[in-house]
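S.K.: Fold the following and give me the result.
(one chain, ligands or ions: 2)
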Amino acid sequence: MIKLKIVIGGSKGVGKTSLIRRAVDDRFDSDTLSTIGVEFEVKTVTVTDTSISSGPVPVQFSIWDFAGENKFRQLFPAYCSGASAALILFDITDPNSFQDLENWYTLIKGAENDIITCLIASKVDLVDQRKISTKQALRYKKKKKIEYYVETSAKEGLGIQEAFDEIAKMLVKRSLQTCPHCGQKYSKNLVLCTNCGKAPTNNS
Ligand SMILES: Nc1nc2c(ncn2[C@@H]2O[C@H](COP(=O)(O)OP(=O)(O)O)[C@@H](O)[C@H]2O)c(=O)[nH]1
Ligand SMILES: [Mg+2]
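M.R.: Ligands and ions are numbered 1, 2, ... in the order given. Next up, the predicted model:
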């Protein structure tokens, strides 16, 4: 089991807490209470991509929900410590939340660890109120070299499972090395291959 931390940023009201509820409990409440400080939830995903690993790789995410209020933002870099991925959300009906992405992006890139970023458009069920197009979002993704973009609705359960599956895949891929002796994949943190027991370089 690979254990990884994910942080979530985005303006207040974009739907961070709703996205986590959908991801973790598969439910939606229209009256979420405003998040105070930070909360976290656990979600397990299994990566079954044979181009990454021959067997299934279980990944346990701890998802940190950060309050969007300005007064908490100075704490955000500290919450990024140890995180492998960050989700940054904007609400497709709220141009201010799209503008605010820049601040969240800067905070994430200011963290010392290497964090994979995922740009998330929220509330795509609100088609009639849409102000930010897919094209605009993709342009921003490209400009910032953000790894992944997905359109979601916590209300309708769209795009959210896919987002976590994709992030798990990217992170597992990044965390494995290929054994030069047997060709199997194993964790970069390990000295010896878990399949054949040999070290990648033979200095004797
Ligand atoms: N229509 C719609 N409303 C949503 C969606 N996600 C969240 N909301 C609503 O947006 C408001 C703010 O959501 P919340 O998750 O508390 O945002 P947070 O401040 O980013 O954690 C709540 O009233 C939610 O019910 C969605 O996918 N579609
Ligand atoms: Mg919240």
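S.K.: and the helix or strand of the chain with the lowest mean pLDDT, is it in reach of ligand 2?
M.R.: In the chain, no helix or strand scores lower on mean pLDDT, DSSP states H and E than helix 70-73, which sits at a mean of 74. No: interface with ligand 2: helix 70-73 contributes nothing (C-beta under 5 Å from the ion), its closest point being 10.8 Å away. Bear in mind the C-beta positions are built from the backbone N, C-alpha and C, glycine included.
S.K.: Enumerate the positions of that helix that are buried.
M.R.: Buried residues in helix 70-73, counting neighbours by 16 or more other C-beta atoms under 10 Å, are found at Phe72.
S.K.: Tell me the first helix or strand C-terminal of that helix.
M.R.: Counting by DSSP states H and E, the next helix or strand C-terminal to helix 70-73 is helix 76-80.
S.K.: and that next one, which residues are buried?
M.R.: Of the residues in helix 76-80, those with enough neighbours to count as buried (16+ other C-beta under 10 Å) are 76, 79-80.
S.K.: do stretch 187-204 as well
M.R.: Result for stretch 187-204 [16+ other C-beta under 10 Å]: buried residues Cys193.
S.K.: One more: stretch 44-55?
M.R.: 45, 47, 52-53.
S.K.: coming back round to it: can you tell me which of the buried residues of helix 76-80 is nearest ligand 1?
M.R.: Phe76 (13.7 Å; C-beta to the nearest ligand atom).
S.K.: does the closest residue to the closest one other than its chain neighbours sit in a helix or strand, and which one?
M.R.: Nearest residue to Phe76, sequence neighbours excluded (C-beta to C-beta, 6 or more residues apart in numbering): Leu107, at 4.8 Å. Counting by DSSP H and E, the element that carries Leu107 is helix 101-109.
S.K.: Which element is encountered next along the chain beyond that helix?
M.R.: With secondary structure assigned by DSSP H and E, helix 101-109 is succeeded by strand 116-122.
S.K.: Show me which residues of whatever helix or strand comes next after that next one are buried.
M.R.: Per DSSP H and E, the first helix or strand lying C-terminal to strand 116-122 is helix 134-144. Buried residues in helix 134-144, defined by neighbour count with 16+ other C-beta under 10 Å: 137, 140-141.
S.K.: shaky segments in the protein?
M.R.: 32-38, 68-69, 202-204 (pLDDT under 70).
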